[in-house]
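Chemist: Turn this into a model:
(chains A, B and C)
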Amino acid sequence: MTLLSIQGLRKQFGGLLAVDDVSFGVHEGTIKALIGPNGAGKSTLFNLITGFERPDSGAALLNGVATTGMSARDVVRCGMARTFQDTRLFDNLTVIENVMVGTQVHYTPGFFAAALRLPSARKEERMIQEQAIRLLRQVGLEEWAGTPASELPVGIRRLTEIARAMATEPTLLLLDEPAAGLNSSETEDLGEALSRMRDLGTTVLVVEHDMALVMEVSDEIVVIDRGRKIAEGPPRLIQKDPVVVAAYLGEEYGNA
Amino acid sequence: MADMGGKPRLPWVSWLIAAAVACIPLVITDRFLIKVLTFVGLNVLVAIGLALLFGYTGQVSMGHAAFVGIGAYTCAFLTVRIGTPWIVGFAAAGVIAAAGGLLLALPSLRLKGHYLAMATLGFGEIMSLIFVEAESVTGGVDGFARIPPPSVAGFEFKEPATLYWLVWAVAGVALLLAYNITRFRPGRAMLSLHGGEIGAVASGVDVVGTKIKAFVISAALAGLSGALYSGVVGFVSPSVFVLSSSVMYLAMAVIGGAGSLAGPVAATALFTLLEYLNALIPSMPAPIAENLGLYQTDIYGIAIILVVIFAPRGLTGLWQRRRSASSAKGGSLAERRQGSSTQADTPARPEGLEEGEGT
Amino acid sequence: MSELLQFLIAGVKNGAIYALVALGFTVVFASTGAINFAQGEFFMLGGVLGVFFLRLGLPLPAAVLAAVLATAIIGGAFEALAIRPLSAGDPLKIIIVTIGGSVALRQFALHIFGPNEMIIAPFSSGPPIRFAGAAVERQTLWIWGLTLVTVACLAIVYQKTMLGKAMQATSLSHDGARLMGIDTKKMVTVAFVLSAALGAVAGLAVTPLTQTAFDVGAGIGVKGFTAAILGGLGNPLATVCGGIVLGLLESLAAGYFDPLYKDAVALVVLLGVLFVRPSGLAGLMRRGRG
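Modeler: From the prediction side, this is the model:
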């Protein structure tokens, strides 16, 4: 079943057509990779899907509900969470607090309850914390729980951001170059974490440059170049697709 | 902050400090000194709000003196001209300042970047004009005179000591409520904004709503401080609610340090006392006292710059660095932090109100 | 009719000053993404240092030049000492530091030059020039002339020199500029030097008419920022227009209603633009074209 359906998305910046009539779908319970050369429009596409930018035309539907046109916050509440190419952690908070910010999205605001320490606030706080701890255990970050985010190595930063996104309990997780800056063993861990998440029922759409990782974990790949979709299919076929090889793999993966 | 959900209670040391603050008028009899310490309490009330707004939420206000002014004139006008009980004027001061804050926050917080700082500066300047020009309400340049002392249920807070207790009681309650806010969900939401708005949006934080609430709360606290001020001094002059006062309030929040209530409160006490150092130390030679007065403002300006460059977490950060340096024996960083957060409410935290390094 | 003309002249005179200060805001905003709250102090320093150099016995042209240069150096030094040590790309910190800087600069001026008002004689003496029933002070002509020359110089630097192109690239994208080999840190310094010089020219030109003192910075800072935001905080031409429009609005309001409203006009415009159309006049023009 198609969880996310991208329908004819288009976005122009000044004279530059960043995303040009892109359509594809992401099936529930799969990992889909979105690849393409630098400047192909991948990050813009992510921004359009997650409400950080408005498309000129077209739509992204999550379970049939249009997320394009929603505020980025409502998109999260709808069940779609994302990470960033340049991780956007809260450096003034610890790892567990970062995750707790994600967890608390499904609770109602409570300045008043908090100020008076009402039982509702205390109970809510306990639940938020328990959920966060459970999540940290899942991604293997427990030992980092009390560390300020500003002191984390890159790999842990990426994992923490993924954990924070997972904390919002998304049905679809969008990861923007999660392997950038990771060494090979960290990348391996990441690959395992992604597979585990899929097996636990989270659908993943990932932008990634590390082709070994993409080929290993993804069930399907969609390739865009200069804002247009040029190919879509299972990794085996994409690897051999002459159009893709010419546009992209030829330069990077081919040499590797 | 593993203690965050568990037992976010104040350590006993903060109660000890509170008791000490409460006992001061019993020990000190100098009326002027008591008055100075009352002013500390008035400023602390404003600083708590600015700590929430700047230190937690990352929003700059250059107009908080205007909210103090709104509170002062509201309370004075209602009690003197309309004849309401003082407590009504006091409450109205908070409400009207909060309403003013809401009016300013609603449009300007939707803006990208840090236009809020300029909007608050413009608001502050407009209010200073209004304080001077709206003579029928404010008394104009001559000020609003003969404001009776606060009275609640027939009891008049006339004596310096009783005024001191009143002001510090309000400040204490505000501090406790603010502390609770920071220890729960809203506090984390505010901190996440300071940490990075894009990340906050992506985590589903209600960015605009959280900012507006922080702004309104800080405006309300400033208004309450103003109401108390009018009763303590008995006279309100528009020359008090000007840009330089707003900058001073902001300086206290900056120097105190982000993500902390204890830091700004300590900075406020320090700077307010510095202003009246000759009252604290009567034997101080006059030239030193004069120079101190002359260079008081310089100290604010330069301290702001130095703190942002060298100690971005302000007094709180310096305090914690010292503490973590002394406890950094053995164990990895992660273990240490874990450790310090699990024993967070053992009596080892003298400041009590800080967000400890494990938080 | 001649009354209206008189108001218009006054408006364009003040507007030119606002335009120069506003350009200072725009230049720094372009390179840092932050508002420089010390901008008004550069205006103050221009006038106060001008008085200082004249009292040293320098002839007027030399004193003017020395004051502009000295202010530019102070601007650069402020950037090097207080802004550069900050991690790049944190506008919040830059704003706070410039707030501290404005307090410090104002206090230094107070300690060095005293609390009294100071004045410079008009750059050229003589009675006001009569024109269609209105009178134009000679100093007003100097203000217009200096503004025109300064804006023209700024335009030439931006359009024709490598430095200007590097600054434009930096304002579009810090990362992009760095990739092109531009020293973006240096560009921030240049921006502060330029904006300090712009402020100083404005402060010098207007001092013969208004006097100056250590505390004139905050007021002009608000006006200049209002003009800058009216112009959209980007396009220099729109910024100059913003200054002129603000000057005209003020002088008409003060002339036809009550002089009291002069200061209120800028503040109302400031809040109005921030609330209603943060992109300023430039946004309005863009929309008109689109």
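Chemist: For the rest of this, base every contact and every neighbour count on C-alpha atoms.
Modeler: OK.
Chemist: Name the residue of chain C that lies nearest to chain B.
Modeler: Taking C-alpha to the nearest C-alpha as the measure, chain C has C:Gly100 as its residue closest to chain B, at 4.2 Å.
Chemist: can I assume that residue is in contact with B:Leu306?
Modeler: No. Counting by C-alpha atoms under 8 Å, C:Gly100 does not reach B:Leu306; the two are 9.1 Å apart.
Chemist: Pick out whichever of these two has more residues nearby.
Modeler: C:Gly100 (29 against 17; other C-alpha atoms under 10 Å in any protein chain shown).
Chemist: excluding its backbone neighbours, what's nearest the more buried one?
Modeler: Sequence neighbours aside, B:Gly301 is the residue nearest to C:Gly100 in space, at 4.2 Å (criterion: C-alpha to C-alpha, 6 or more residues apart in numbering or on different chains).
Chemist: Please list all residues in contact with that neighbour.
Modeler: Counting by C-alpha atoms under 8 Å, 6 or more residues apart in numbering or on different chains, B:Gly301 touches B:Ala251, C:Ile99, C:Gly100, C:Gly101, C:Ser102, C:Val103, C:Ala104.
Chemist: C:Phe25 too?
Modeler: Contacts of C:Phe25 by C-alpha under 8 Å, 6+ apart are C:Ile35, C:Asn36, C:Gln39, C:Ser195, C:Gly224, C:Phe225, C:Ala228, C:Leu233.
Chemist: for stretch C:123-138, the distance to its chain's centre please.
Modeler: Centroid separation for stretch C:123-138 versus its chain: 25 Å, with C-alpha atoms, centre = their mean, to the nearest Å.
Chemist: Run through who's touching that stretch.
Modeler: C:Ser2, C:Glu3, C:Leu5, C:Gln6, C:Ile9, C:Leu60, C:Pro122, C:Gln139, C:Trp142, C:Pro208.
Chemist: buried stuff in it?
Modeler: Residues of stretch C:123-138 classed as buried by neighbour count (16 or more other C-alpha atoms under 10 Å in any protein chain shown): C:Phe123, C:Ala134, C:Ala135, C:Val136, C:Glu137, C:Arg138.
Chemist: what is the mean pLDDT for the host helix or strand of A:Leu173?
Modeler: For A:Leu173, the host element (DSSP states H and E) is strand A:172-176. Taken as a whole, strand A:172-176 carries a mean pLDDT of 94.
Chemist: One more: stretch B:272-291?
Modeler: 80.
Chemist: where does the chain dip in pLDDT?
Modeler: The chain I'm using is chain A. Applying pLDDT under 70 to chain A picks out residues A:109, A:248-256.
Chemist: oops, I was thinking of chain C
Modeler: C:1, C:87-89, C:277-290.
Chemist: Now do the strands in it.
Modeler: Ranges of strands in chain C, per DSSP state E, are C:129-131, C:134-136.
Chemist: so which of the ones you listed gets nearest A:Leu141?
Modeler: Closest to A:Leu141 of these is strand C:134-136 (C-alpha to C-alpha; 74.0 Å).
Chemist: Quick one: the helices in chain A, in order.
Modeler: A:42-49, A:72-78, A:95-103, A:111-115, A:119-139, A:154-167, A:184-199, A:211-217, A:235-240, A:242-244 (DSSP state H).
Chemist: Can you lay out those as TSV showing distance to C:Ala67 and mean neighbour count?
Modeler: Formatted as TSV, the helices of chain A follow (distance: least, C-alpha to C-alpha, whole Å; neighbours: other C-alpha atoms under 10 Å in any protein chain shown):
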stretch	distance to C:Ala67	mean neighbour count
helix A:42-49	49	23
helix A:72-78	50	23
helix A:95-103	51	30
helix A:111-115	53	20
helix A:119-139	60	18
helix A:154-167	49	24
helix A:184-199	58	17
helix A:211-217	61	17
helix A:235-240	68	16
helix A:242-244	63	16
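Chemist: In JSON lines: those helices, plus distance to A:Val223.
Modeler: Shown next, in JSON lines, are the helices of chain A (distance: least, C-alpha to C-alpha, whole Å):
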{"stretch": "helix A:42-49", "distance to A:Val223": "9"}
{"stretch": "helix A:72-78", "distance to A:Val223": "24"}
{"stretch": "helix A:95-103", "distance to A:Val223": "30"}
{"stretch": "helix A:111-115", "distance to A:Val223": "46"}
{"stretch": "helix A:119-139", "distance to A:Val223": "29"}
{"stretch": "helix A:154-167", "distance to A:Val223": "23"}
{"stretch": "helix A:184-199", "distance to A:Val223": "20"}
{"stretch": "helix A:211-217", "distance to A:Val223": "12"}
{"stretch": "helix A:235-240", "distance to A:Val223": "8"}
{"stretch": "helix A:242-244", "distance to A:Val223": "7"}
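Chemist: want to throw those helices into JSON lines with distance to chain C?
Modeler: Listed next are those as JSON lines, based on distance: least, C-alpha to the nearest C-alpha, whole Å:
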{"stretch": "helix A:42-49", "distance to chain C": "16"}
{"stretch": "helix A:72-78", "distance to chain C": "21"}
{"stretch": "helix A:95-103", "distance to chain C": "20"}
{"stretch": "helix A:111-115", "distance to chain C": "25"}
{"stretch": "helix A:119-139", "distance to chain C": "29"}
{"stretch": "helix A:154-167", "distance to chain C": "19"}
{"stretch": "helix A:184-199", "distance to chain C": "26"}
{"stretch": "helix A:211-217", "distance to chain C": "25"}
{"stretch": "helix A:235-240", "distance to chain C": "32"}
{"stretch": "helix A:242-244", "distance to chain C": "28"}
